[in-house]
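Colleague: Here's my sequence, what's the structure:
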Amino acid sequence: MGKKMVSTNSEQFEKELSYGQVFKKLRISKGFTQLEASRNVIAPTHLSNFENGKTMVSINHFFDLLQNINVNMFEFQNSLNQYLKNQDILLFNIEMANAIVENNPTKLKKIVKELENQLNYQSNSDNIKLRLDYIRAKAVLSYIDKNYFINKDEIIFLEDYLFRLSEWGQYDVALLGQCANFFDLITLMQLTKSMLSPFQDNTNIPYIKQAIIQTVLNIIDIYEKNNAYNSAKKLIKYLENSDIHDYYMFEKITLIYSKAKCEYHEGRKNAIEIMKKCQSIFEFCDCSQTANWIDLEIKEL
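Modeller: From the prediction side, this is the model:
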């Protein structure tokens with residue numbers, strides 16, 4: 001027990017040191033001196049001590065320091081994750097997405113195994129975040145390897161967590177999107193309604209908005225596969241009214257494809273031509289994995 005406590009304290013100390021080191025790396029990469037970065041916030045000597053792991057800075061000062069070097073918290077978190085990569089395997093939005101596109105179960109199995117090992121430590125047995133990460137990793141892996149799945153207890157754990165949310169962040173939105181296939185349709189409808197609630201503060205942040213669009217597209221696909229076309233059409237209408245920016249071209253084309261697929265199932269047989277046009281666009285853009293998925297779906301129709 002004593003050794004575990006020492007190990008935990010050591011890891012926490014190492015992570016705390018990394019904040020200053022990552023800040024220093026970003027400051028230098030942006031071309032700011034310590035004097036410029038600390039202006040109107042803290043003394044340059046205080047910043048120097050922070051960057052060298054001798055002291056910490058308060059939260060409000062840290063936000064102001066980031067603003068002084070034109071870095072937001074999302075960018076800092078990404079840099080911190082990269083810096084701690086040997087210890088931090090939870091870069092889901094990049095590593096898991098890449099593994100699916102590459103059809104690479106080996107990479108995902110490694111993540112799942114490392115998370116499972118972490119959960120087996122007694123001190124981590126009640127770690128909610130770690131357990132969610134583990135479930136999420138298994139859910140993503142199940143798209144490639146059907147031997148992996150989420151069991152009933154894990155589904156209940158997910159439902160309890162997601163139903164408690166009154167503010168959905170990027171992590172929560174992605175969690176629902178990647179685990180949506182394991183919920184029954186009624187539960188999925190309720191969780192989707194909660195995620196899309198207009199009474200939230202962060203849904204217009206660009207990267208959260210994109211995560212919502214991607215998750216809704218995934219849920220539309222699930223509805224269509226389960227013949228829940230009315231529910232699919234409601235979400236299609238939601239996305240059409242969401243003013244999806246041209247930057248998100250992949251999502252816009254996927255929405256067009258999903259709408260055409262829904263119309264085809266409702267009897268509009270010429271909608272398949274729109275689906276084929278979407279496939280051609282993905283092929284032209286060298287999105288071969290997506291184009292192949294569409295090709296298989298069209299053949300099944």
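Colleague: can you pull the contacts of residue 207?
Modeller: By CB atoms under 8 Å, 6 or more residues apart in numbering, the residues touching residue 207 are 74, 170. Quick note: C-beta positions are derived from backbone N, CA and C, even for glycine.
Colleague: how deep is residue 298 tucked in, by neighbour count?
Modeller: The local packing of residue 298 (other CB atoms under 10 Å) involves 15 other residues.
Colleague: And the pLDDT at it?
Modeller: For residue 298, the model assigns a pLDDT of 93.
Colleague: same check, this time on residue 53
Modeller: Reported pLDDT for residue 53: 88.
Colleague: how near is it to residue 192?
Modeller: 44 Å (CB to CB, to the nearest Å).
Colleague: Which one of those two is surrounded by more residues?
Modeller: residue 192 (24 against 16).
Colleague: isn't that one right next to residue 235, touching?
Modeller: Yes. Counting by CB atoms under 8 Å, residue 192 touches residue 235, with 7.3 Å between them.
Colleague: any shared contact partners between the two?
Modeller: Common contacts of residue 192 and residue 235, defined by CB under 8 Å, 6+ apart, comprise 216, 219.
Colleague: domains of the protein?
Modeller: Following automatic domain parsing, one gets these domains for the chain: 2-83, 150-300.
Colleague: residues in contact with stretch 168-176?
Modeller: 92-93, 132, 136, 158, 162, 165, 191-192, 194-195, 200, 202-203, 207-208, 211-212, 214-215.
Colleague: Please repeat the previous calculation with a cut-off of 6 Å.
Modeller: Stretch 168-176 is contacted from outside by 136, 165, 191, 195, 207, 208, 211, 212, 215, using CB atoms under 6 Å, 6 or more residues apart in numbering.
Colleague: for it, which positions count as buried?
Modeller: Residues of stretch 168-176 classed as buried by neighbour count (16 or more other CB atoms under 10 Å): 168, 170, 171, 172, 173, 174, 175, 176.
Colleague: so where does the third one fall, helix or strand?
Modeller: Just to be clear, that refers to residue 171. Assigned by DSSP states H and E, residue 171 belongs to helix 170-179.
Colleague: so how far is stretch 110-119 off the chain centroid?
Modeller: 18 Å (CA atoms, centre = their mean, to the nearest Å).
Colleague: Quick one: mean pLDDT over it.
Modeller: Mean pLDDT, computed over stretch 110-119, is 86.
Colleague: Can I get it in PDB, CA atoms only?
Modeller: Only the C-alpha atoms of stretch 110-119 are listed here, as PDB (Å, rounded to 0.1, in the frame of the first residue of the first chain):
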ATOM      1  CA  LYS A 110      -3.300  -2.400 -26.900                       C
ATOM      2  CA  ILE A 111      -5.200   0.600 -25.600                       C
ATOM      3  CA  VAL A 112      -7.900  -1.700 -24.100                       C
ATOM      4  CA  LYS A 113      -5.300  -3.900 -22.400                       C
ATOM      5  CA  GLU A 114      -3.400  -1.000 -20.900                       C
ATOM      6  CA  LEU A 115      -6.700   0.500 -19.600                       C
ATOM      7  CA  GLU A 116      -7.700  -2.900 -18.200                       C
ATOM      8  CA  ASN A 117      -4.400  -3.200 -16.400                       C
ATOM      9  CA  GLN A 118      -4.800   0.300 -14.900                       C
ATOM     10  CA  LEU A 119      -8.300  -0.700 -13.700                       C
END
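Colleague: so which of the domains of the chain gets nearest residue 121?
Modeller: Smallest distance to residue 121 across those (CB to CB): 7.2 Å, for domain 2-83.
Colleague: how about low-confidence regions in this structure?
Modeller: Within the chain, the ranges that satisfy pLDDT under 70 run 1-14, 85-94, 96-97, 101, 122-125.
Colleague: change it to 80
Modeller: Applying pLDDT under 80 to the chain picks out residues 1-16, 78, 81-82, 84-104, 121-126.
Colleague: Out of the contacts of stretch 168-176, which is nearest to residue 69?
Modeller: residue 207 (19.9 Å).
Colleague: sorry, back to before: can you name the two of the contacts of stretch 168-176 that are farthest apart?
Modeller: Greatest spacing in those, by CB to CB: 191 and 207 (20.4 Å).
Colleague: Distance from the host helix or strand of residue 274 to the middle of the chain?
Modeller: In this structure, residue 274 sits in helix 271-284 according to DSSP H and E. Here helix 271-284 is found 27 Å from its chain centre; the criterion is CA atoms, centre = their mean.
Colleague: Using the three-state scheme, assign residue 200.
Modeller: Secondary structure for residue 200, judged by DSSP: H, G, I helix; E, B strand; the rest coil, is coil.
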